[in-house]
Every structure is written in structure tokens, then in C-alpha cells.
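Engineer: pasting the sequence and the predicted model now:
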Amino acid sequence: MSTAKQMIFANRASFFMAGFCIAAWAPMIPFVKERFGLDEHNLGLLLLCVGIGSFVSMPTSSWLSSRLGCRTPIVVSALIVMLCLVSIPFITNIYLLGLVLFIMGINAVALDVISNIAGALVEQVTARNIMSGLHGLYSVGGFCGALSVTFLLSAGLPFHLAGVYAAAILLIVMLLGSRHLLTTVYYDEHNQPLTREQYLEKEAQKKQEKAANNQKSSNLQYYLHPIVLLIGVMCFIMFMTEGSMLDWSGVFLTTERGFSLEHAGFGYAAFAIMMTICRLTGDKVVTKFGRRRVLMFSTLFIIAGYLIAVLVPHYIAAFIGFALIGVGASNVVPQLVSVTARIKEVPPHISVAIVNAIGFSGVLVGPALIGFLAHAITLSNTYLCQAGGVFLVFLMSLFLIKKLGSQISAHHAQPAEQQ
């Protein structure tokens, strides 16, 4: 297997783990809710522990990858998430559970963000259009995690073994795929790897040149770049959409459509299946139609999905709506990440980390916000508010297309599977 294929395979494994670990937790939520007798408000507070962990992880993911590369942080984060999943079914103290979810949030975000940094770098180094495919493996992981855990629980697997099963799958994937992850995030203009020392030396030379020309240079400008922050907000809303499916689709089906606890996870599975299919074919779709059309039509699919799920009072309509949301959400974030990595003013390992850190917090913070809103205005009305948020992404996409122009265009390289 060529070096390029090895790197792509390793990154597919890391994306699979990132998707699997969070999705495997989703079918456990109704059981946790029932065990502790939580209403929507208190469940939202518990889920906020995961979100707080995500905020702690955000400023450290880029720092870790800049010093340790991508492989070591991904492996360590995956191991800690495994331990958290194993322990959750055994915890009977809600405060201890909150602590474990906090730790899981830290490491789940680190795993996701650093995987995206590695994916963006591999896409540039190999000159292949792979980002949608990588996120497709995230969706494969999400589908496998949600569906397999739901199926096992429905078949009578004791709740305390669900976490053990999830951790075992993660461990196998990690052992198979972690070897060829990138060990550096620094590359020169010819896509040759650099050590951190070589990169810092080049950066120092650039700063000296700017100082000689009386131009101010500061690393703070990287973190406050307006386009990077705008894309981060767009990804936050999109990841919040995924979070609304991950943590609340089961609750929606049980409370609004009368589904049993054991089968509630199939709602997220409908979302995950369509997202998986569309992401795995996304590289070809983007190459054919371009990022502009993909961004515009995807957001409209999501809005339609929310409206169908909420306004048509039947469980089949809910499944159709969740599936449409999966179709729409499949390729927005991968293409936004690809665009982010091509913003010339900011190094990719910083810009991608910022966007994914802000964005992924939507998966973790969003469900808690949804819980607060659901307690106040019902879950159905909260889903309509979420549709309004996606409409804002539609408007932001119009601005982004106008601002960046050709950078929004699809990458000219062929999809990875064609090369």
C-alpha cells in the first residue's frame, strides 16, 4: 500500500473512532435519564458537562498537535474515551457521572479536532479530494455506534456491557489504524514535512522580513481572523444539528411519538444512514456540482427535514425528516473545513483547529441548550428554532461565497477512491 493510501486509511480510522465513540453514548442516554429520574431540564444540565469539557479542550487541541503531531494525541484521547464509555453504565452517583462526561467531552473533542487537522493536511499533501470521505467514515462510525448499541440493548444485552462493547470496538480500530497517522503538522511550500524547530525558524524569518517592512505580525491575528470565526459559527450550528439528532431524536420519538426506550435509537440511525451514504459519495458530488451548490441545497434539505418531522404528527414522518436532515448535513461541514484549510493568512493546523473546536462544541453544548429550550417551549418548537438556525447558515453561505469566490470552488483533484 502506498504512503498516500496508508495516510488516508489511518485518517479514516481516526474519523471512524470519533464518530463511533459519541454515537455509542447516544442509546445510553434514555437509560441514564430513567435511572436518575431526570426531566428535560436536568438532562440538559447533565449533558452540559460534556459541553464544558469540549470548551476546555478547544484551546489545547491545536497546541497538542503542534507539539506532538497528530498520532499521539489521537491515541491517548481514544483510550480515555474508552475508559469513560466502560464506566458510564456502572455509575450510580450523578455527580460522578457528570465528571466522567466532562472528561469524555474533553477527549472526544480532541479526537475529532486533531483528526480534522490531520485530514486537512493529508488532503493537501496528497492532492486528493478526501474530506467528505473522511467525514463519511465519521458517519459510518456514528451509524455503527448508534445502531449496534441500540440493537444489542434491544436484544437484551445488559446495560453495563454496552460500554464494554463500545470500548472493545474502539480499541480494535485504533490498533489497526493508528500506525500511519501524521507525526507532524508542519509542511513547507512543497508539501515536505518539517520539524517544529524548522517551522519556527521559517516563521521567525518571516517576522523579521515583516518587521523590516514595518508590518506588524502577531499570532493573535490567526485566532481572530473574521472568516475563520464565521466558518466556526456556521460549523457550530451544523454540529448542533447533529447534536439535536444524536441526543434528542430518541427523546423526541419516546415523548412526542410514543416509541419505546429500546427502539428510540433507530431515529438517530435513520439520520446516520443517510448522512453516511451521502458523505461516502460526497467527494464525487462536490467535484461534479461544486461547493457552492452543495452548501446551498444541503441547508435547504435540513430545513425541510425539521419541518416534516415536527409538523407531520406520525412516527414515519419523523423518520423521513431525520433522514432528510442527514442528507443535508452530510457535506456542509467537510467542505467548510476544506475551505478553511485554504485560507492563506492562517496556518492550516490553527484555522482547522479553531473551526472544528468551535463547531464540535455544537454537538456537545447544543444538546444542553436544546434541553433548556425544550423544557421551556417543548421539544417540537425547539426543533423549529433549530431549523431557523440552519436558515442563518444558508444566509452565511451566501456571504461566504461572495467573499471567498474561487476558494469555495471544488478542489480540482479527483476523489481519493479514483486515484
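Structural biologist: It's in.
Engineer: any idea which helix or strand in this structure has the lowest mean pLDDT?
Structural biologist: In the chain, the helix or strand scored least confidently by mean pLDDT, DSSP states H and E is helix 196-212, which has a mean of 59.
Engineer: continuing past it, what's the next helix or strand?
Structural biologist: Sequence-wise, the next helix or strand downstream of helix 196-212 (DSSP states H and E) is helix 220-223.
Engineer: can you pull out the helices in the stretch 151-300 of the chain?
Structural biologist: Remark: helices assigned in the stretch 151-300 of the chain by DSSP state H, counting those that start in this stretch are 159-177, 196-212, 220-223, 226-256, 266-280, 282-311.
Engineer: same check, this time on the stretch 301-419 of the chain
Structural biologist: Assigned by DSSP H, counting those that start in this stretch, the helices in the stretch 301-419 of the chain fall at 315-329, 332-341, 348-377, 379-404.
Engineer: ok, residue 301 to residue 147 distance?
Structural biologist: In this view, residue 301 and residue 147 are 22 Å apart by C-beta to C-beta, to the nearest Å. In short, each C-beta sits where N, CA and C put it, glycine included.
Engineer: then residue 367?
Structural biologist: Going from residue 367 to residue 147 by C-beta to C-beta gives 19 Å.
Engineer: higher neighbour count, the two?
Structural biologist: Neighbours were counted for residue 367 and for residue 147 using other C-beta atoms under 10 Å; residue 367 has more, 28 against 19.
Engineer: tell me the contacts of the closest residue in space to the more buried one that isn't next to it in sequence?
Structural biologist: In this structure, residue 367 finds its nearest non-sequential neighbour in residue 247, 3.8 Å apart by C-beta to C-beta, 6 or more residues apart in numbering. Counting by C-beta atoms under 8 Å, 6 or more residues apart in numbering, residue 247 makes contact with 26, 29, 47, 367, 370.
Engineer: tell me the pLDDT of residue 247.
Structural biologist: Residue 247 is assigned a predicted lDDT (pLDDT) of 75.
Engineer: can you pull the contacts of the most centrally placed residue in the chain?
Structural biologist: The chain has residue 360 as the residue nearest its centroid, 5.2 Å off, counting by C-alpha atoms, centre = their mean. Taking C-beta under 8 Å, 6+ apart, we find residue 360 in contact with 54, 109, 112, 113, 235, 239.
Engineer: want to throw the helices of the stretch 151-300 of the chain into a markdown table with distance to residue 43?
Structural biologist: Formatted as a markdown table, the helices of the stretch 151-300 of the chain follow (distance: least, C-beta to C-beta, whole Å):
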| stretch | distance to residue 43 |
| --- | --- |
| helix 159-177 | 17 |
| helix 196-212 | 43 |
| helix 220-223 | 33 |
| helix 226-256 | 8 |
| helix 266-280 | 16 |
| helix 282-311 | 20 |
